[in-house]
Structures are given as C-alpha cells and as structure tokens.
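Asker: Return atomic coordinates for the entry below.
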Amino acid sequence: MGFIKAYKQTTGFWLSKQQITARWQKDFFDHIVRKEENLVNVIKYILDDPVREGLVINWQDYPFKGAFGCNLEEILQSLT
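Answerer: Numbering: from 1, shown residues only. From the prediction side, this is the model:
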C-alpha cells in the first residue's frame, strides 16, 4: 500500500502543477482476481466507474482511462 500512496501523492502533485482538474479519490480498494472470476467483467466494472458517477454516458468517452500504448477495446475483444 505504501507504493500506491506514494504514486498517488507524486502524480497528484504533478497534476496540480499542470493545472489539470483530474484528482485522485481519497482511498482505493484492492481486489485480487481469482480464477473463477471473469476478467472481462472486472475490467468492464472498472471502466464503468465514470458512467456510474455520471461523468460520461459511455466509458469510451472518459478521457482518463487506460495507459499509454494500450487499446482497451482490443484488450476487451481479445479476452472475450
């Protein structure tokens, strides 16, 4: 958990200096994906967070998702 706290602190500081309005939520919740769980459902649940919060209509519209060099649509297709 120390790593996550340090990462959020460092990136949060950078975001504030760049005057980007995105902010980290106060806490985080870890979750171990077990064999019996469907990884696609876990990914979709995470991607739908901004939809549940009313920030966007569709997860694809949320600008703060994924990582550089990753195409989430391709990843989801490859897992189904």
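Asker: how's this protein carved up into domains?
Answerer: Annotated domains of the chain cover 1-25, 31-80 [automatic domain parsing].
Asker: contacts for the shortest one?
Answerer: Applying C-beta atoms under 8 Å, 6 or more residues apart in numbering, the contact partners of domain 1-25 are 28, 64. All C-beta spots, glycine's among them, are computed from the backbone N, C-alpha and C.
Asker: May I see the buried residues of it?
Answerer: residue 8 (16 or more other C-beta atoms under 10 Å).
Asker: Any stretches of the protein with poor pLDDT?
Answerer: 1, 25, 35-37, 67-68, 79-80 (pLDDT under 70).
Asker: What ranges does it have for its helices?
Answerer: For the chain, the helices defined by DSSP state H occupy 2-17, 39-47, 49-52, 72-79.
Asker: between those helices, which gets nearest to residue 27?
Answerer: Using C-beta to C-beta as the measure, helix 2-17 is the one of the helices of the chain that comes nearest residue 27, at 9.9 Å.
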